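Engineer: this one's sequence-less:
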């Protein structure tokens with residue numbers, strides 16, 4: 001995750017299983033289940049695009065839970081127009097054969113997360129260069 005946050009997804013892809021499942025909980029326009037490396041990268045890129053490249057994640061800690069399951073805590077910040085995001089998330093990461101097979105992204109203040117991304121998507125919809133997130137390789141929100 002640190003490598004991806006730094007703009008180089010190469011080493012991140014090396015540890016992601018090709019069929020990785022990434023779940024972003026909530027009711028925002030970016031909430032959903034993303035399956036596969038391409039869809040997961042698309043989701044993460046969409047966070048950057050919708051935030052007009054202001055989205056930043058700082059890893060705070062990674063702790064083992066049990067077996068091949070870890071929890072990573074992140075602080076997220078972004079700003080679009082008058083909307084501001086400054087919140088924490090926990091990523092519950094499951095591994096298998098030294099690769100990440102699933103991530104469940106749980107936002108500590110889900111209302112703040114949903115409100116920000118809803119506002120960012122609404123602002124984006126009014127821009128001429130807006131391109132919606134392609135969900136061809138995602139599954140419908142649960």
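Structural biologist: That came through, no problem. This structure is a prediction, so every number in the text was calculated from the model and none was measured.
Engineer: residue 79 contacts residue 54, doesn't it?
Structural biologist: Yes: with contact defined as C-beta atoms under 8 Å, residue 79 counts as touching residue 54 (5.0 Å). C-betas here are computed from N, CA, C, even on glycine.
Engineer: so the residue nearest to the spatial centre of the chain, which state does it fall into?
Structural biologist: The chain has residue 44 as the residue nearest its centroid, 4.9 Å off, counting by C-alpha atoms, centre = their mean. Assigned with DSSP: H, G, I helix; E, B strand; the rest coil, residue 44 falls in the helix class.
Engineer: packing partners for the top strand by length along the chain?
Structural biologist: When the chain is parsed with DSSP state E, its longest strand is strand 83-96. With contacts defined as 3 or more C-beta pairs under 8 Å, 6 or more residues apart in numbering; DSSP states H and E, the packing partners of strand 83-96 are strand 69-80, strand 99-107, helix 110-125.
Engineer: quick one: buried residues of that strand?
Structural biologist: Across strand 83-96, burial judged by 16 or more other C-beta atoms under 10 Å covers 83, 85, 87, 88, 89, 90, 91, 93, 94.
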